[in-house]
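Chemist: Quick one, structure for this:
(chains A and B)
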Amino acid sequence: MARNITPKDKNFSEWYLDVIRAAELADYAPVRGCMVVRPNGYGIWENIQAVFDRAFKETGHVNAYFPLLIPNSFMEREAQHVEGFAPECAVVTHAGGSELEEPYVIRPTSETVIGHMYSQWVHSWRDLPILINQWCNVMRWEKRPRLFLRTSEFLWQEGHTAHATREEAFDETFKMLDVYRRIMQEELALPVLYGEKSENERFPGADNTYSCEAMMGDKKALQAGTSHFLGQNFARVFDISFQDKNGEKAYAWTTSWGVSTRLIGGLVMTHGDDDGLVLPPRVAPVKAVIIPISGDEGILRDKLEPAADKMTGELNAALGGICVKTDKQYHMRPGDRFFHHLQRGVPLRIEFGERERDSGRVTIVRRDTSKKESVSMDSLAGTVKETLETMQKDLYEKALDFRESNTRDVGNMEELKEFFSPDGPGGFARAYFAGSPEDEGEIKYVTGGATIRCIPMDDESRGKCVYTGKPGARRTIFAKAY
RNA sequence: CGGGAUGUAGCGCAGCCUGGCUAGCGCACCUGCAUGGGGUGCAGGGUGUCGGAGGUUCAAAUCCUCUCAUCCCGACCA
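Modeler: Presented below is the predicted three-dimensional model:
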């Protein structure tokens, strides 16, 4: 048991921060609400970027970069958009020693400036679609910062596409939602529910918002990614118009979609345990660490280390990357060296001592189960590969089981209130809902914070609304959220 | 941003109410010896602008004001 980490069930928030500190993922910056992403955390982000970026390119998108500063007047053009984002915008009013004629907003999201550019690039139906993604930072001056989950500045990707038809834009919205779902499940081992957001939770300026929702270790929901159908709202105010095949003027249909460094917080809160970080192998910067062990420093340096380095090289070749390391912290005792990697979430520990050398075997230990296995050095690469894949699957299954066992069907308001009451089980409540946004607000009030996380797209069932009693309501997921 | 709590060495804390020698304790850290396969044992040693800025006072960790950060509860959000 880790001595430097508050147990999960004692205080989840403190546990979360302790894990991040112990794993050296991030630190507080000297700027309010901002964080420094340390190398261990940034390595995870690089892997997350890699898997998403590949999927974006496979679906025909290209990367570009738009400016950090947005003219204030751009933000004001779309009424909903400015209303939603104005309270959390940071604004640059001075530069070069004097006051600017027009203030610049530090981008909280880039629909406006990208819309402006698209209006200049789109003239004919032949110019569409535009499928652009940007990896960047954005700034939202949130009131209550939490590392990775909600910081004033964060890293993300924002995809912005423009299409000739409504259908095509809708297809894009769903396609990217599906890309998110698939990567979160397959690469991050995060089981997610996905579907439309309620009107209350919609992106400011969107016609429809869709999201992927994951359950964290404290049974709260995390919105892990969003995909927006923006209709023609931004196209109209930024004049993204073109001549269609009939020579008529038409406005484009646009979408936007994003995932952020918040996903790192999601990984921590989904897979972590009381010893610290647990990382799914596919996004772990270090997938395995080989630890030479001997009481005799001569044997350690002259015999074990070269053999360990050789194994490390072979494993890196087999796994296709620099993701296996030899631990050379010989000044530490074996227990400390084990613990060091354990707290950082390294999926596999490979113990290599004199016993192993003499028998031609090594001992591999999984981070999530602590199970030890003796493996012949000859078949190490195959076994490591296999074990990492098994662990990836197991982490997903474990998280899925956790979500399932904390999800209940709720038929009426009494049950809903009870479910979310301090003594209630909490988690995801599946309930039919056909009420108004005000009704949803009322539910939020009486449950102490539960909102509709999404209306799962793969759930076609209909039933009696939990609030109004109206029949034919769609099934929704209520939960308290980050 | 509103209500409550907290902030003293890397981490966890005592001291504050009732101001006063040189600010303590545990773990961690450093040195030595013995150890070494999930956080070693013994001996010796170092470490603080008491979160920050003002103020009251002969004297402030302690009292007052402001500020910053964290935790819990609300409002806002990726």
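Chemist: quick one: average confidence on stretch A:284-302?
Modeler: On average, the pLDDT along stretch A:284-302 is 91.
Chemist: So what touches it?
Modeler: A:40, A:43-44, A:46-47, A:281, A:304-305, A:307-308, A:311-312, A:315, A:319, A:323-328, A:330, A:334, A:337-338, A:341, A:344-354, A:362, A:364, A:384, A:388 (C-beta atoms under 8 Å, 6 or more residues apart in numbering). Quick note: C-beta positions are derived from backbone N, CA and C, even for glycine.
Chemist: how about stretch A:321-338: buried residues?
Modeler: Within stretch A:321-338, the residues that qualify as buried by neighbour count (16 or more other C-beta atoms under 10 Å) are A:Cys323, A:Val324, A:Lys325, A:Thr326, A:Asp327, A:Arg337, A:Phe338.
Chemist: Quickly note the distance from the residue nearest to the first one when sequence neighbours are not counted to A:Thr161.
Modeler: What that stands for is A:Cys323. Leaving aside its chain neighbours, A:Cys323 sits nearest to A:Lys287 (4.4 Å; criterion: C-beta to C-beta, 6 or more residues apart in numbering). Per C-beta to C-beta, to the nearest Å, A:Lys287 is found 34 Å from A:Thr161.
Chemist: Between these two, which has more neighbouring residues?
Modeler: A:Thr161 (27 against 24; other C-beta atoms under 10 Å).
Chemist: quick one: that one is in a strand?
Modeler: Yes - under DSSP: H, G, I helix; E, B strand; the rest coil, A:Thr161 sits within a strand.
Chemist: Specify the beta-bridge partners of it.
Modeler: For A:Thr161, the beta-bridge partners are A:Leu131, A:Thr255 (DSSP bridges).
Chemist: thinking A:Val37 is in contact with A:Ala29, fair?
Modeler: No - between A:Val37 and A:Ala29 there is no contact under C-beta atoms under 8 Å: 9.6 Å.
Chemist: What score does the residue in the stretch 251-400 of chain A that RNA strand B sits nearest to have for pLDDT?
Modeler: Going by C-beta to the nearest atom of the strand, RNA strand B is nearest to A:Gly353 of the stretch 251-400 of chain A, at 2.4 Å. Predicted confidence (pLDDT) for A:Gly353: 92.
Chemist: Can you check the distance spanned by stretch A:127-147, start to finish?
Modeler: Distance between the boundary residues of stretch A:127-147 (C-alpha to C-alpha, to the nearest Å) amounts to 41 Å.
Chemist: Flag every residue of the stretch 251-400 of chain A that's near RNA strand B.
Modeler: For the stretch 251-400 of chain A, the contact set with RNA strand B under C-beta under 7 Å from any atom of the strand comprises A:258, A:260-262, A:275, A:293, A:295, A:297, A:330, A:332-336, A:338-340, A:342-343, A:351-356, A:363, A:365, A:370.
Chemist: out of the residues you listed, which are inside helices?
Modeler: A:262, A:297, A:334-336, A:338-340, A:342-343, A:354-356 (DSSP state H).
Chemist: Can I get the residues you listed in JSON lines including distance to A:Ile183?
Modeler: Listed next are those as JSON lines, based on distance: C-beta to C-beta, whole Å:
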{"residue": "A:Arg262", "distance to A:Ile183": "14"}
{"residue": "A:Glu297", "distance to A:Ile183": "45"}
{"residue": "A:Pro334", "distance to A:Ile183": "37"}
{"residue": "A:Gly335", "distance to A:Ile183": "37"}
{"residue": "A:Asp336", "distance to A:Ile183": "36"}
{"residue": "A:Phe338", "distance to A:Ile183": "31"}
{"residue": "A:Phe339", "distance to A:Ile183": "31"}
{"residue": "A:His340", "distance to A:Ile183": "30"}
{"residue": "A:Leu342", "distance to A:Ile183": "27"}
{"residue": "A:Gln343", "distance to A:Ile183": "26"}
{"residue": "A:Glu354", "distance to A:Ile183": "43"}
{"residue": "A:Arg355", "distance to A:Ile183": "41"}
{"residue": "A:Glu356", "distance to A:Ile183": "37"}
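Chemist: which residues touch the helix-or-strand element of chain A with minimal mean pLDDT?
Modeler: Averaged element by element with mean pLDDT, DSSP states H and E, chain A has its least confident helix or strand at strand A:26-28 (a mean of 82). With contact meaning C-beta under 8 Å, 6+ apart, strand A:26-28 is reached by A:Ile20, A:Arg21, A:Cys34, A:Met35, A:Val36, A:Val37, A:Arg38, A:Gly41, A:Leu147, A:Phe148.
Chemist: now swap in stretch A:451-464 and tell me
Modeler: A:193-198, A:200-201, A:210-211, A:213, A:221, A:223, A:411, A:428, A:432-433, A:440, A:443-444, A:470-481.
Chemist: Please apply the same query to stretch A:238-254.
Modeler: Contacts of stretch A:238-254 (C-beta under 8 Å, 6+ apart): A:77, A:111-112, A:115-116, A:118-119, A:122-125, A:127-128, A:160-166, A:168-169, A:230-232, A:234-236.
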